[in-house]
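*Asks:* quick one: sequence plus predicted model below, questions after.
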Amino acid sequence: MNVQEIIGKIKLLVPGRKGIIILVGLLVMTGVLSGSLFAYGRYYDDRVFPGIRVGDIPVGGLTKEEVVSLLNSLEDKLTGEGLVFVYPVNGEQKTTIIQPLQVYEGSSFELITDNASQDAEYLLGLGKNLSWWKQGWQAIRMHFADGDIALPSVQIEGEKLGKLLKQELGQYEIEPRQANVVVKAVAPLKFEVVSSSVGYVFDYQSALNQVRENWSRLTSAPILLTAQEVWPVVKEEDVQGLIPRLEAVFTPGNLGLSYQDPHTQQVYDWKLKVEQIQAWLEVQPTDEEKFVFGLKEKEVVAYLEEKVAPWINVPARDAKFKMGDDGRVTEFQGSRPGLKLDVPASYELINEAIQDRTWHDEGLKKTVTVLATKSEPNIKTGDVNNLGITEILGVGISDYSRSPLNRQKNIANAVKKLNGVLIKPGEEFSTLKYTAPFTLEGGYLPELVIKGDELKPEIGGGLCQIATTLFRMAMNSGMEITQRRNHALVVFHYNDPVNGNPGTDATVYDPAPDFRFRNDTNDYILVETLMDKDSEELVFTLWGTSDGRKAWYDHPQIIRWLPYGERKVVETTDLAPGEEKCQNAFRGADARFTYTKVLANGEKKEIVYESHYRPLPQICLVGVEAKEDAAGDCSNENAEECSEIVVEQADTESAEPLVENKNPA
């Protein structure tokens, strides 16, 4: 209806001049009312509508800056007062206060967080974005409405606050006891059934909900914690139904755990023994409302974190790459993703393996592969160089534990010399070339080396540790091995890291033999060396660009062991009469393994390495008195016969060819 129609209707109702006067009055009143509504609505464009309050605190008519200031001051006040909890204990009411701002040495942590600016924006937006006349009416209506508003940005760290409450109140609770079976012995099987009982615990979740409600309405009212009855999930009849399968849980024996490092290919093994399964066994409910035998989560998690995680967890490592003027890499650190044992997922796999024993006798897992999560580095190797060195081609590992100090220093010196060596496409790498000179000036010290039937101290001893690690690295990388000789004796430092057998070693001695391999790829490759003093292992990594090849080597097998024979005695006047110095006996062996390389085109190459290790009897020097008539025998022409015979005492551990494989288990 337009204005003319309205005037026409008014004239029909109030004819003549009187009608016109009334009409004008109505129009004036309408204009005044509209103007007032418009002005009133516009006044609240940048203010909170009247009648709005947060809890008991009125905020109507305040600008954003005023609201932010008010909220910050009130929330600071709440922080200072703390969270007050009241709860009944033996008919009495107790009180505990937890500070929302937890302060530690050098740091702090907020149990409750909010955003005053965000809340102010929310309050200012209530009832807005309307037409001018609706906004005016809304402002008037809000004067008479109940505008109690909760602040939307308030967040509670419920898990942490719940733990703090549990620490304070846990002593007053009685946890429900689940029915269970306690195994006293496995063979013969002896056990007893533990009965269930009702528990009484505080309702933490309701308390946490009330904390958020109070804070979002700016009140510090005490929060009542009530105790509630909690019934056990597992009852005696549930346990009795599983007893016929109890013995079957232990029949498969130990449960193995395994993990292979995706970068080094190193395999780690652990073993959950029957005794541990016995101690950690419990009856557990399933999603299908059935019951099975499983392992207690707390105990398994503690085992994983203490025994397994330290061998798996490594932080992500950023790449570093710096070239010297001579074309050699002076600083290199390849990037590597971080690894962390996924404890919850690994527990689930272990527990499922035990649960399966409840109902099955066949197809059971004897080994569970634990899981790890990966985190990427910030800077990857390919981002910091222009040689196409982007990824790990292969890794070699060897054990230098229990090495004498001079041997460790020689190894460390060679490790430093090799780190960052670049090998061109088609170039043959020589161990002797990059680790020489073998002198005191070259950084080496005297150490025992194998010469003939004796161990003698020579400058640069211990470098076979380097050659052995390079050999394994080159094979895992699929390189062409051009020169390799095994050691004369079985020495535990060079035994295979997986099965502990000799066979995958390499020896070097200036000027020969050497260990060599060829870069038969079309790109540069780079050697990165690490002497891990915690695990006492050498870890050599070959970096480059994969051309699609795959390579591996079998763990060596012993064809036969060779006895070391009878003890050998050498008389000498260099020791006091009767004094004796001996080196250890070494069993000999014949060993074999296969190195396999599969090229990107599918071509497969296999090389069988056979190694013979000589047996060596124990050789002892025994001091005797000098004979008077022997003086003339030591003329210049016979000096070689009278030269000093030196046999140093070897590390007793080094002589044992059958050492236990280095393993975290």
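*Replies:* Now that the structure is in, tell me what you want to look at.

*Asks:* only C-alpha atoms for contact and neighbour calcs from this point on.
*Replies:* Will do.

*Asks:* my guess is residue 568 contacts residue 622. True?
*Replies:* No: counting by C-alpha atoms under 8 Å, residue 568 stays clear of residue 622, with 10.4 Å between them.

*Asks:* I'd like to know how many residues surround residue 468.
*Replies:* Residues within reach of residue 468, counting by other C-alpha atoms under 10 Å, total 30.

*Asks:* hey, C-alpha coordinates of the helix or strand where it lies in PDB?
*Replies:* Residue 468 belongs to helix 464-476 when assigned by DSSP states H and E. The C-alpha trace of helix 464-476 is given here as PDB (Å, rounded to 0.1, in the frame of the first residue of the first chain):
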ATOM      1  CA  CYS A 464      90.400 -53.200   8.900                       C
ATOM      2  CA  GLN A 465      87.400 -51.900  10.800                       C
ATOM      3  CA  ILE A 466      87.200 -49.200   8.200                       C
ATOM      4  CA  ALA A 467      87.500 -51.500   5.300                       C
ATOM      5  CA  THR A 468      84.900 -53.900   6.700                       C
ATOM      6  CA  THR A 469      82.300 -51.100   7.100                       C
ATOM      7  CA  LEU A 470      83.000 -49.800   3.600                       C
ATOM      8  CA  PHE A 471      82.600 -53.300   2.200                       C
ATOM      9  CA  ARG A 472      79.100 -53.700   3.700                       C
ATOM     10  CA  MET A 473      78.200 -50.100   2.700                       C
ATOM     11  CA  ALA A 474      79.200 -50.700  -0.900                       C
ATOM     12  CA  MET A 475      77.300 -54.000  -1.200                       C
ATOM     13  CA  ASN A 476      74.100 -52.500   0.300                       C
END
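
*Asks:* packing partners of it?
*Replies:* The contact analysis (3 or more C-alpha pairs under 8 Å, 6 or more residues apart in numbering; DSSP states H and E) places helix 464-476 against strand 391-399, helix 405-418, strand 480-483, strand 537-544, strand 550-553.

*Asks:* what's next to it, contact-wise?
*Replies:* With C-alpha atoms under 8 Å, 6 or more residues apart in numbering as the test, helix 464-476 has contacts from 393-398, 400, 411, 414-415, 431, 480-481, 484, 493-494, 504-508, 515, 517, 538-542, 551-553, 595.

*Asks:* check stretch 388-397 too.
*Replies:* Applying C-alpha under 8 Å, 6+ apart, the external contacts of stretch 388-397 come out as 263-266, 380-382, 469-478, 497, 523-526, 537-546.

*Asks:* just the buried members of those?
*Replies:* Among those, the ones that count as buried by 16 or more other C-alpha atoms under 10 Å are 264, 380-382, 469-478, 497, 523-526, 537-546.

*Asks:* have a look at residue 568 and residue 622 and say which one is more surrounded.
*Replies:* Each of residue 568 and residue 622 has its neighbours counted (other C-alpha under 10 Å); residue 622 has more, 19 against 13.

*Asks:* surely that one is in a helix?
*Replies:* No: counting by DSSP: H, G, I helix; E, B strand; the rest coil, residue 622 falls outside a helix, being strand.

*Asks:* adjust the sequence numbering to begin at 213 for everything that follows.
*Replies:* Sure thing, new numbering starts at 213, so read that last one as residue 834.

*Asks:* give me every residue that touches it.
*Replies:* Residues in contact with residue 834, defined by C-alpha under 8 Å, 6+ apart, are 781, 782, 783, 784, 787, 789, 790, 791, 792, 793.

*Asks:* let's see it at 7 Å
*Replies:* Residue 834 sits next to 781, 782, 783, 784, 787, 790, 791, 792, 793 when contact means C-alpha atoms under 7 Å, 6 or more residues apart in numbering.

*Asks:* that one pairs with what?
*Replies:* Beta-bridge pairing for residue 834 (DSSP bridges): residue 783, residue 792.

*Asks:* against residue 393, how distant is residue 491?
*Replies:* Counting by C-alpha to C-alpha, to the nearest Å, the gap from residue 491 to residue 393 is 10 Å.

*Asks:* what about the two, which has more around it?
*Replies:* Per other C-alpha under 10 Å, whichever of residue 491 and residue 393 has more neighbours is residue 393, with 21 against 15.

*Asks:* which SS class is residue 432?
*Replies:* Using three-state DSSP, the structure places residue 432 in coil.

*Asks:* what's around it, how many residues?
*Replies:* By other C-alpha under 10 Å, the residues close to residue 432 number 17.

*Asks:* what's the answer for residue 762, then?
*Replies:* Residue 762 has 19 nearby residues by other C-alpha under 10 Å.

*Asks:* go ahead and confirm it touches residue 813.
*Replies:* No: the pair residue 762 / residue 813 is not scored as a contact, 10.9 Å apart, by C-alpha atoms under 7 Å.

*Asks:* what pLDDT does the residue sitting nearest the centre point of the chain get?
*Replies:* Centroid-nearest residue in the chain, with C-alpha atoms, centre = their mean: residue 552, separated by 1.8 Å. Note on residue 552: pLDDT of 93.

*Asks:* same deal with residue 453?
*Replies:* At residue 453, the pLDDT value in this model is 92.

*Asks:* whatever helix or strand residue 821 lives in pairs with which strands, and in what direction?
*Replies:* For residue 821, the host element (DSSP H and E) is strand 816-825. Next to strand 816-825 in the sheet, as set by DSSP bridges, lie strand 800-810 (antiparallel).

*Asks:* where does pLDDT dip in the stretch 463-612 of the chain?
*Replies:* Applying pLDDT under 70 to the stretch 463-612 of the chain picks out residues 536-540, 591.

*Asks:* now do the strands in it.
*Replies:* Per DSSP state E, counting those that start in this stretch, the stretch 463-612 of the chain carries strands over the ranges 467-472, 479-484, 493-497, 503-507, 532-535, 541-545, 550-553, 579-581, 584-587, 603-611.

*Asks:* give me the angle between the fourth one and strand 493-497.
*Replies:* Think strand 503-507. Counting by axes from the mean of the first three to the mean of the last three C-alpha atoms, to 10 degrees, strand 503-507 points 140 degrees away from the direction of strand 493-497.

*Asks:* run through who's touching strand 503-507.
*Replies:* Strand 503-507 is contacted by residues 450, 492, 493, 494, 495, 496, 497, 563, 566, 567, 570 when judged by C-alpha under 7 Å, 6+ apart.

*Asks:* mind listing what's buried in stretch 791-799?
*Replies:* By neighbour count on 16+ other C-alpha under 10 Å, the buried set for stretch 791-799 is 792, 793, 794, 795, 796, 797, 798, 799.

*Asks:* could you single out the nearest of those residues to residue 398?
*Replies:* Residue 398 has its nearest neighbour among the buried residues of stretch 791-799 in residue 799, at 40.6 Å by C-alpha to C-alpha.

*Asks:* pLDDT weak spots in the stretch 613-762 of the chain?
*Replies:* Low-confidence segments of the stretch 613-762 of the chain, defined by pLDDT under 70, are located at 659-670, 672.

*Asks:* make it 50
*Replies:* Applying pLDDT under 50 to the stretch 613-762 of the chain flags residues 662-665.

*Asks:* rewinding a little: would a markdown table of the strands of the stretch 463-612 of the chain with distance to residue 282 be doable?
*Replies:* Output for these, formatted as a markdown table (distance: least, C-alpha to C-alpha, whole Å):
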| stretch | distance to residue 282 |
| --- | --- |
| strand 467-472 | 57 |
| strand 479-484 | 60 |
| strand 493-497 | 52 |
| strand 503-507 | 54 |
| strand 532-535 | 51 |
| strand 541-545 | 53 |
| strand 550-553 | 45 |
| strand 579-581 | 57 |
| strand 584-587 | 43 |
| strand 603-611 | 57 |
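
*Asks:* so which of those gets nearest residue 308?
*Replies:* Nearest of the strands of the stretch 463-612 of the chain to residue 308, taken as C-alpha to C-alpha: strand 493-497 at 35.1 Å.
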